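Undergrad: Fold the following, please.
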Amino acid sequence: MARVILHGFAVSSGIAMGAAVFPDRAPPAARHDQVDPADAPGEIARLRAAFAAAEAEFVEAGRRLPPDLADQAAILTSHLLICQDPKFLAESERRIREQRMNAEWALEESLAAFAGIFRRLASPYIRERIQDVRLVADRILNHLIRPEAASRIPCPAGSIFLARDISPADARNLIPRRFLALVTEEGSRTAHSGILARNLRLPAIVGVRGLSEEVRNGEDLIVDALQGKVLLSPGRDETAAYAEKKALFAAHEKRIAQNALYPAETEDGQRIILSANADTADDIPVLLAAGGEGIGLVRTEYAFLAGKTLPSEEELYAEYARMVAAMAPRRVTFRTLDIGADKLSAGGEIPHEANPALGLRAIRYCLRRPDLFRRQVKAILRAGAHGNAALMLPLISGLPEFKRAKALLNEARQELEAANIPFDPHIPVGIMIELPSAVFTADILAGEADFFSIGTNDLIQYCLGIDRANSLVAHMQQPLHPAVVRAVKYVADAGHKAGIPVSLCGEMGSDPYCLPILLGMAIDEISVAIPAIAGIKHLIRQSNVAECRELLYRALYAPTSHVISNIIRPLLHTRFADDISFFIAQPETYL
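TA: This next block holds a predicted model:
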């Protein structure tokens, strides 16, 4: 029997068995020394050298980032920008000069001060930023404590990689042929570590409390990234049982991959488009091979985060046109810029905001910067001439906002027409439904929009008042909460009544427990992470819409997510008896 079983959030499915490697578990303790004023310049020089070494490490990591992780470059760039932030270095230097702290102590105190400020703001955006700052600070501290070994991590092949958290800079150490799985102490289902693990096809569990205290380096582990469990020093019977389960999982993955190119059509003839979420054109060969039938969400933020200057219209057009041409005749849906001024690496005044997640971001920022918005939508309009493109506006709260955005879009059309530049004049313009205000006015918005796309990650967060980046409440992110189910149904009905298609993206789309509900609502398109495409198509082909519709109506009158789950569970274990155990299980925690 296992010595200990730890629990976390499974974010990339699979099973792995191997020895634990926890490179950053026990670094040499940072010295906390008082320094003489005469020694302060030397400590500041050490600190600057460590910042420079970490910066060089991030630059090199970006240069060596594997092609299949190109979409992670934006995250890596944000870590580089934190490292280059003069306020972070200046605050640490101030503590050396004024409080006579040595470099390590000053860095840790500065980090603690910044983290305290961020934590009090309690927004999802800031929570994730805390982890980013910690990751950067850990690398700088490593260069201070052991500069000669900061970038060398002795990790034998066939190991389970454990960490407090990881950055895309660690990607070159996480080659699947070398490591079998990833487990982190921090993080949630939307953490960078989960995105990295899914892209690398590594089983992964995040948010595992007690990891650093319980696990011994070299200890045998079983990572069950279906149930969200880590077994420490498992017994012989457990090892044998999981070896069999691992073989069955591999056989299941091979079987569904063989049928990935078949359409997602239910037994009774309902056709659903299964699209992929993407960042750049580099994702396209992989998503097509996985059975993707379009791109339901292009996250256009990458180009705005990757450089020191904002991209030009021509640069954006070149990338967008490349994507549209490569996917033709399949639809490519571009979400316009969905970050705030504080996230951009360059460009214009950056107003201070106490809570950026609820402030000047997405369409709000674009309306504040019409020059930037027109630049991007002109590039999308031009790209549309190369195939089948659509344009989607995020974080729309109501009709006036949508009309203002459409007016700017019309100005962009007129500018292109006047310049005799080819573009798609009839490009569909849709709304991303993420806010409760958009849900409750969906019938009004449907009269103006060409389509709806329900962004379930943010919709659940805003409906339930949950910071999904906070591991203390991440378990409350319940897609089957009655409020969420009713909200999605209301939007789907409003869209269909107005005769416009309704798509859905976010983690809800790849959750087999939510799939019968979505089929019952007649959602037209589901956009998921690339690794989830084949599995969801496989389940759709085994489904019956009439059966799902009956189940939906029962769920709409259920009082809790627990009751809804119990309504769905028998169907799953009957219809998908041979498959459901190979998908990430629904957490046994309900509101």
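
Undergrad: Strands of the stretch 151-300 of the chain, residue ranges please.
TA: Remark: strands assigned in the stretch 151-300 of the chain by DSSP state E, counting those that start in this stretch are 159-163, 179-184, 204-206, 220-224, 229-232, 264-265, 271-278, 295-299.

Undergrad: What lies in contact with the shortest one?
TA: Translated: strand 264-265. The contact list for strand 264-265 (CB atoms under 8 Å, 6 or more residues apart in numbering) reads R271, I272, I273, L274, E293, I536, K537, I540, R541. (Glycine included, C-beta is placed from N, CA and C.)

Undergrad: in its sheet, what does it sit against?
TA: When pairs are called by DSSP bridges, strand 264-265 turns out to pair with strand 271-278 (antiparallel).

Undergrad: what distance separates the partner strand from the middle of the whole chain?
TA: 17 Å (CA atoms, centre = their mean, to the nearest Å).

Undergrad: What residues sit buried inside it?
TA: I272, I273, L274, S275, A276, N277, A278 (16 or more other CB atoms under 10 Å).

Undergrad: Report the two of the residues you listed separated the most.
TA: I272 and A278 (18.6 Å; CB to CB).

Undergrad: Buried deepest among the strands of the stretch 151-300 of the chain, which one?
TA: Compared across the strands of the stretch 151-300 of the chain, strand 204-206 shows the largest average neighbour count, a mean of 30 (mean count of other CB atoms under 10 Å).

Undergrad: Could I get the average pLDDT for that one?
TA: Mean pLDDT, computed over strand 204-206, is 90.

Undergrad: Could you list the paired strands of that strand along with their orientation?
TA: strand 9-12 (antiparallel), strand 179-184 (parallel).

Undergrad: Which SSE is immediately downstream of the shortest one?
TA: Spelled out, it's strand 9-12. Note on strand 9-12: by DSSP states H and E, the next helix or strand toward the C-terminus is strand 15-21.

Undergrad: That next one pairs with which strands, parallel or anti?
TA: Strand 15-21 has these strand partners (DSSP bridges): strand 159-163 (parallel), strand 220-224 (antiparallel).

Undergrad: And the contacts of the last one?
TA: The list of residues contacting strand 220-224 from outside it, by CB under 8 Å, 6+ apart, reads 2, 10, 14-20, 160, 180-181, 183, 203, 205, 215, 229-234, 238-239, 242.

Undergrad: mind redoing it with 6 Å?
TA: Contacts to strand 220-224, defined as CB atoms under 6 Å, 6 or more residues apart in numbering, come from residues I15, A16, M17, A20, I160, A181, P203, V230, L231, S233, P234, Y242.

Undergrad: Repeat that for stretch 103-111.
TA: Contacts for stretch 103-111 (CB under 6 Å, 6+ apart): 30-32, 43, 46-47, 91-92, 95-96, 137, 141, 144.

Undergrad: before we move on, the earlier item: nearest to L288, of the contacts of strand 220-224?
TA: Among the contacts of strand 220-224, and counting by CB to CB, the member closest to L288 is P203, at 24.6 Å.

Undergrad: quick revisit: put together a markdown table for the contacts of stretch 103-111, with pLDDT and neighbour count on each row.
TA: Output for those, formatted as a markdown table (pLDDT from 0 to 100; neighbours: other CB atoms under 10 Å):
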| residue | pLDDT | neighbour count |
| --- | --- | --- |
| A30 | 67 | 16 |
| R31 | 74 | 11 |
| H32 | 82 | 12 |
| E43 | 87 | 25 |
| R46 | 89 | 17 |
| L47 | 87 | 23 |
| E91 | 88 | 17 |
| S92 | 89 | 28 |
| R95 | 90 | 22 |
| I96 | 90 | 24 |
| A137 | 82 | 22 |
| L141 | 82 | 20 |
| L144 | 83 | 24 |
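
Undergrad: which of those residues are the two that sit furthest away from each other?
TA: R31 and E91 (19.2 Å).

Undergrad: if we can go back for a sec, let me know the closest of the contacts of strand 264-265 to R404.
TA: Nearest member of those to R404, counting by CB to CB, is I273, at 29.9 Å.

Undergrad: gap between the residue lying closest to that closest one once chain neighbours are set aside and P400?
TA: Excluding the flanking residues, the one nearest I273 by CB to CB, 6 or more residues apart in numbering is E525, at 4.1 Å. E525 is 27 Å from P400, where distance means CB to CB, to the nearest Å.

Undergrad: Between those two, point out the one with more neighbours.
TA: Of the pair E525 and P400, E525 is the one with more neighbours under other CB atoms under 10 Å, namely 22 against 9.

Undergrad: which ones are touching that one?
TA: Contacts of E525 (CB under 6 Å, 6+ apart): I273, S275, G296, S503.

Undergrad: CSV for those, including distance to A487?
TA: As requested, the contacts of E525 are exported to CSV (distance: CB to CB, whole Å):
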residue, distance to A487
I273, 22
S275, 22
G296, 19
S503, 15
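
Undergrad: Would you convert those into a markdown table that also reports distance to M101 and pLDDT?
TA: Output for those, formatted as a markdown table (distance: CB to CB, whole Å; pLDDT from 0 to 100):
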| residue | distance to M101 | pLDDT |
| --- | --- | --- |
| I273 | 58 | 97 |
| S275 | 53 | 97 |
| G296 | 51 | 96 |
| S503 | 54 | 98 |
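
Undergrad: so what are the domain limits for the protein?
TA: Domain assignment of the chain by automatic domain parsing yields the ranges 4-23+153-235, 37-145.

Undergrad: Would you tell me which one of those domains is buried the most?
TA: It is domain 4-23+153-235: most buried of the domains of the chain by mean count of other CB under 10 Å, with a mean of 21.

Undergrad: end to end, how far does it reach?
TA: Using CA to CA, to the nearest Å, one end of domain 4-23+153-235 lies 11 Å from the other.

Undergrad: Just give me how far that domain sits from the chain centre.
TA: Distance, centroid of domain 4-23+153-235 to centroid of chain: 18 Å (CA atoms, centre = their mean).

Undergrad: And for stretch 475-486?
TA: Using CA atoms, centre = their mean, the offset of stretch 475-486 from its chain centre is 19 Å.

Undergrad: And stretch 428-438, by the same measure?
TA: Distance, centroid of stretch 428-438 to centroid of chain: 19 Å (CA atoms, centre = their mean).

Undergrad: swap in stretch 38-50?
TA: That offset, for stretch 38-50, works out to 38 Å (CA atoms, centre = their mean).

Undergrad: same deal with stretch 309-319?
TA: 24 Å.

Undergrad: and it, which residues are buried?
TA: In stretch 309-319, counting by 16+ other CB under 10 Å, buried: L310, P311, E313, L316, Y317, E319.

Undergrad: in what helix or strand does the fifth one lie?
TA: When you say that, I think you mean Y317. Applying DSSP H and E, one finds Y317 within helix 313-327.

Undergrad: Pull up the pairing partners for the following helix or strand past that helix, direction included.
TA: Next helix or strand after helix 313-327 toward the C-terminus (DSSP H and E): strand 331-335. Taking DSSP bridges as the criterion, strand 331-335 forms sheet pairs with strand 295-299 (parallel), strand 388-393 (parallel).

Undergrad: Please work out which residues outside strand 331-335 touch it.
TA: 294-298, 300, 323-324, 380, 388-392, 394.

Undergrad: nearest to I166, of those residues?
TA: L297 (24.1 Å).

Undergrad: For that closest one, list each beta-bridge partner.
TA: With DSSP bridges as the rule, L297 is bridged to N277.

Undergrad: My read is that it contacts S503, right?
TA: No. The criterion here is CB atoms under 6 Å, and L297 misses it with S503 at 8.7 Å.

Undergrad: what do the two both touch?
TA: With CB under 6 Å, 6+ apart, L297 and S503 have no common neighbours.

Undergrad: Next, the buried residues of stretch 366-377.
TA: Neighbour-count burial for stretch 366-377 [16+ other CB under 10 Å]: C366, L367, R369, L372, F373, R374, R375, Q376, V377.

Undergrad: Looking at these, point me to the pair that's furthest apart.
TA: L367 and R375 (13.8 Å).

Undergrad: circling back to that earlier point, how about the strands paired with strand 15-21 in JSON lines, adding mean pLDDT and distance to L552?
TA: Shown next, in JSON lines, are these (pLDDT from 0 to 100; distance: least, CB to CB, whole Å):
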{"stretch": "strand 159-163", "mean pLDDT": "88", "distance to L552": "40"}
{"stretch": "strand 220-224", "mean pLDDT": "95", "distance to L552": "31"}
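
Undergrad: Right, I'll leave it there.
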